[in-house]
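Asks: Build me a structure from this.
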Amino acid sequence: MKRFLQVFLAVALLGLPVLGFAANAPKSVPAPTKPVADVTGLTSWANNGNVVLNWNDPPGASGFQITYTGADGNVQTVMAKPGDGKAGVTLSSDLPSGTVQTPPDPKSKTGWVTQANNVDFTVKSVGMDGKTMSPGVVTSAYAYSINDGDTAWLLISAAIVLMMTIPGLALFYGGMVRRKNILATIYYSLGSVLVVSVLWVIVQYTLGFRGFGNNGVWGDLSAFMHNGVLFATGHGQNTQPWHGAPTIPESVYSMFQLMFAIITVALISGAIVERMSITAWLIFSAVWSLIVYMPLSHMVWAGGWLANPNGLASLFGSAAVANGQGAIDFAGGLVVHTSSGISALVLALMLGPRVRYGKDPIIPNNIAFTFLGAALLWVGWFGFNAGSATSAGTLAGSAFFVTNTATAMAGLTWAIIEYIHHKKPTVIGAVTGAVAGLVAITPASGYVDATGALFIGIIVAIVCYMSVAFLKKALGYDDALDTFGVHAVGGMTGALLTGVFCNPDIGAYFSGKPVQGVFYSGNWTQLGIQAASVLVAVLIAVVGTILSYGITRIFTKVRVEPQEEVTGLDQCLLGEKQGER
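Replies: Predicted structure coming up:
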């Protein structure tokens, strides 16, 4: 009878989301408006009570024609020359009432828009022969300005995402290692913050996030040393937003994305704790950030080859291009978790197992630390996912909600599986399941509803538990803190399930067209695109990690000596020792 009740409870739990799908039957919906520039780089923003247009000049253009509907209802035409799009074309006359208001504070440099959707600007380039280029470069954008609420939300999100690494991840990992290595484990996370923060300012941001919409692998050097991000040359503080987040300053967006780059590197350390040199870790962090993280972040979040409909999606036929499809990864299933988890496994295999791994018991030194770290990760993840909406609106609220839902569902499912398997649920098991849920909902958080979140939580808990409890033991690799088993497996699972459960009512592709997945749209192509994007991320992570390891070996020894492992890295590498209890 006891076994029957266990199985009944598990089946009942797994069946709950089915009721949600019955209540949310697929339906056709109109395409949502995406008020941002498309791949030609057109943006419009408000400054000093005027609307300013920017765009990227296509090759061969001799001029540009700007059209919009004026206050009198008639179509207005303004001509511009090459280079004007980069400098900015100011439109101050004949705009409908309420388009742009002058801010109440005369010292403010930035106005704001009260009706974002009431002016449709079109820019058409004209070729050298005086005729419209074929194909014509035609696009639309809406007037925007810096929004205080959105900016405040991104600043808060950036701060709590940093909290995920220090102290969140440092405590989470630090509590699971042996006492003699706790400080060195914390230092891996701290070192990631130090190295990546400096590298980001110099070159990583500009290569990752400039060149917006270029359908490429990396950006450009236009913001080298953060030039023009904090201050616009000759014009004081830069009030123009980044193309992909039109209501917040580019400096704030850069800081938000920096926190993602930091924690991605820090996650890798979970697989190699208790045996990798601190010096080698700092060098590896810098090299890996440029070789692996930088191209993935550009290809997914800056309109590069994976997200652009003219990139990876074009391999799936003209219909995928026409639908505006591309890889969808809202907050880092591919860029953060798949890349870090796969790299963690590769690095662990190259370093080899710890001394006497599998022979001596490895007891966590402080499970309470691990719980506190997991709690900080859970809270910080709301900034991670909801912050990726880049605005304090309905999408942020939806991402916040489904993040919590999937996390709780995964933690509960893991606890049930663990009870059935071992007769006792554990704190480490519950928080590991919760983190798996956080990982899997990350790519989907801006695209799925609550029902999809429940399914994702259940599925990822089962898959990650199998990986941690059975696959690791069967293959014998020393992934010390299960970075591969949770982050790689969970990230890939979440990326694939995003293509299954994405809801056109909620999310849009990079192109601005509504997402089309399997359940709500019957579109299996998106699942194929997601699978292909996972393969690309895995390939980049494997090759990039091998290269990063090889480059690191040129400068220093990567692994500590066996005797140093036995003594402990805290004392041997840091000259410090955690006090006795």
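
Asks: ok, how many other residues are close to residue 181?
Replies: 24 (other CB atoms under 10 Å). Every residue, glycine included, has its C-beta placed from N, CA and C.

Asks: now swap in residue 394 and tell me
Replies: Neighbours of residue 394 using other CB under 10 Å come to 10.

Asks: Check whether the closest residue in space to residue 569 that isn't next to it in sequence sits in a helix, strand or coil.
Replies: For residue 569, ignoring the flanking residues on the chain, the nearest one in space by CB to CB, 6 or more residues apart in numbering is residue 184 at 3.7 Å. Here residue 184 is recorded as helix under DSSP: H, G, I helix; E, B strand; the rest coil.

Asks: Now do the contacts for residue 184.
Replies: 273-274, 278, 569-570, 573-574 (CB atoms under 8 Å, 6 or more residues apart in numbering).

Asks: one more time with 7 Å
Replies: Residues near residue 184 by CB atoms under 7 Å, 6 or more residues apart in numbering: 278, 569-570, 573-574.

Asks: out of the residues you listed, which one sits closest to residue 382?
Replies: residue 278 (31.5 Å; CB to CB).

Asks: thinking again about what came up before, neighbour-wise, which one of the contacts of residue 184 leads?
Replies: residue 569 (26 neighbours).

Asks: Now that residue, what are its backbone angles?
Replies: phi -70, psi -30 (degrees, to the nearest 10).

Asks: before we move on, the earlier item: would you point out the most distant pair within the contacts of residue 184?
Replies: Farthest pair in those, by CB to CB: 278 and 570, 10.5 Å.

Asks: quick revisit: would you mind measuring from the residue nearest to residue 569 to residue 278?
Replies: Using CB to CB, to the nearest Å, we find residue 184 at a distance of 7 Å from residue 278.

Asks: what about residue 207, how many residues close to it?
Replies: Residues near residue 207, counting by other CB under 10 Å: 21.

Asks: could I get the helix or strand harbouring it in PDB with only the CA atoms?
Replies: Assigned by DSSP states H and E, residue 207 belongs to helix 205-209. Taking Å, rounded to 0.1, in the frame of the first residue of the first chain, the C-alpha atoms of helix 205-209 are listed here in PDB:
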ATOM      1  CA  TYR A 205      31.200  44.100 -24.600                       C
ATOM      2  CA  THR A 206      32.000  45.700 -28.000                       C
ATOM      3  CA  LEU A 207      32.700  42.400 -29.700                       C
ATOM      4  CA  GLY A 208      29.600  40.800 -28.100                       C
ATOM      5  CA  PHE A 209      26.900  43.500 -28.400                       C
END
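
Asks: Show me which residues of that helix are buried.
Replies: 205-209 (16 or more other CB atoms under 10 Å).

Asks: Also stretch 498-512?
Replies: 498-504, 506-512.

Asks: could I get the contacts of residue 184 as a markdown table with pLDDT, secondary structure and distance to residue 381?
Replies: Formatted as a markdown table, these follow (pLDDT from 0 to 100; DSSP: H, G, I helix; E, B strand; the rest coil; distance: CB to CB, whole Å):
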| residue | pLDDT | secondary structure | distance to residue 381 |
| --- | --- | --- | --- |
| 278 | 97 | helix | 27 |
| 569 | 95 | helix | 29 |
| 570 | 94 | helix | 29 |
| 573 | 94 | helix | 31 |
| 574 | 93 | helix | 30 |
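
Asks: and residue 534, how many neighbours does it have?
Replies: Residue 534 has 24 nearby residues by other CB under 10 Å.

Asks: Residue ranges of each domain in this protein, please.
Replies: The chain breaks down into these domains under automatic domain parsing: 43-144, 148-574.

Asks: Please pull out the lowest mean pLDDT helix or strand from this protein.
Replies: Counting by mean pLDDT, DSSP states H and E, the chain has its least confident helix or strand at strand 138-141, which shows a mean of 40.

Asks: picking up where we left off before, give me the common contacts of residue 184 and residue 278.
Replies: residue 573.

Asks: still on that earlier bit, kindly reformat the buried residues of helix 205-209 as JSON lines containing pLDDT and distance to residue 483.
Replies: Converted to JSON lines, these look like this (pLDDT from 0 to 100; distance: CB to CB, whole Å):
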{"residue": "205", "pLDDT": "96", "distance to residue 483": "25"}
{"residue": "206", "pLDDT": "94", "distance to residue 483": "29"}
{"residue": "207", "pLDDT": "96", "distance to residue 483": "25"}
{"residue": "208", "pLDDT": "95", "distance to residue 483": "22"}
{"residue": "209", "pLDDT": "92", "distance to residue 483": "26"}
